[in-house]
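[1] Predicted model and sequence follow; I will ask about them next.
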Amino acid sequence: MINKEVFDLSGLALKRMAARGIFLTAGKNKPNTMTMGWGSVSVYWGKPVFIAPVRKSRYSFKLLEECGEFTLSVPAAPDDFGEQLRLCGSRSGRDCDKYALAGLKIRPAREIETPVIEGCGAYFECRTIYTEDINIEKLPPELQKACYPSADCHRLYFGEILSCYRAD
């Protein structure tokens, strides 16, 4: 049975991705958070899934590969976390402590070991059940040029949504 809350909150996640983005966090012991502006919520294999594209060059890519789970923290309002989203989308966790720089606080998730960002309006907790690399050769030339000028491709992470909830 798919929880209705998944689809109620997916609209908020999609709106925020289309604006400034949402936070994707990966890593259990030393987590990293990045800004994500692309993604989707769907049903695959009878399960609710969040499809999260992450470039292979990202520090979060390594953490996703190692831990097999991720969280999504969705700001409640369009103007919430503007500077933090900008910083998490432009700096690498390899080189800095984004939480200290951005003033972000993490808290435990409900179902998985990867934390969520405190103060957001909604949360998705996901376990990776499938991955697929984008084949840029199958994209129209204009998308290849606009989205992959250096051939730094995304891997799609199909995360089964184990828990989805509004902030307490």
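    On my side now, so go ahead.

[2] Identify the residues contacting residue 12.
    74, 76, 121-122 (C-beta atoms under 8 Å, 6 or more residues apart in numbering). For the C-beta atoms, the positions are set from N, CA and C on the backbone; glycine is no exception.

[3] In strands only, show me those.
    74, 122 (DSSP state E).

[4] Include distance to residue 165, pLDDT and neighbour count when you put the contacts of residue 12 into JSON lines, please.
    Shown next, in JSON lines, are those (distance: C-beta to C-beta, whole Å; pLDDT from 0 to 100; neighbours: other C-beta atoms under 10 Å):
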{"residue": "74", "distance to residue 165": "11", "pLDDT": "97", "neighbour count": "27"}
{"residue": "76", "distance to residue 165": "13", "pLDDT": "93", "neighbour count": "15"}
{"residue": "121", "distance to residue 165": "10", "pLDDT": "95", "neighbour count": "16"}
{"residue": "122", "distance to residue 165": "7", "pLDDT": "96", "neighbour count": "22"}
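
[5] Including distance to residue 62, could the contacts of residue 12 go into CSV?
    Listed next are these as CSV, based on distance: C-beta to C-beta, whole Å:
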residue, distance to residue 62
74, 24
76, 30
121, 29
122, 26
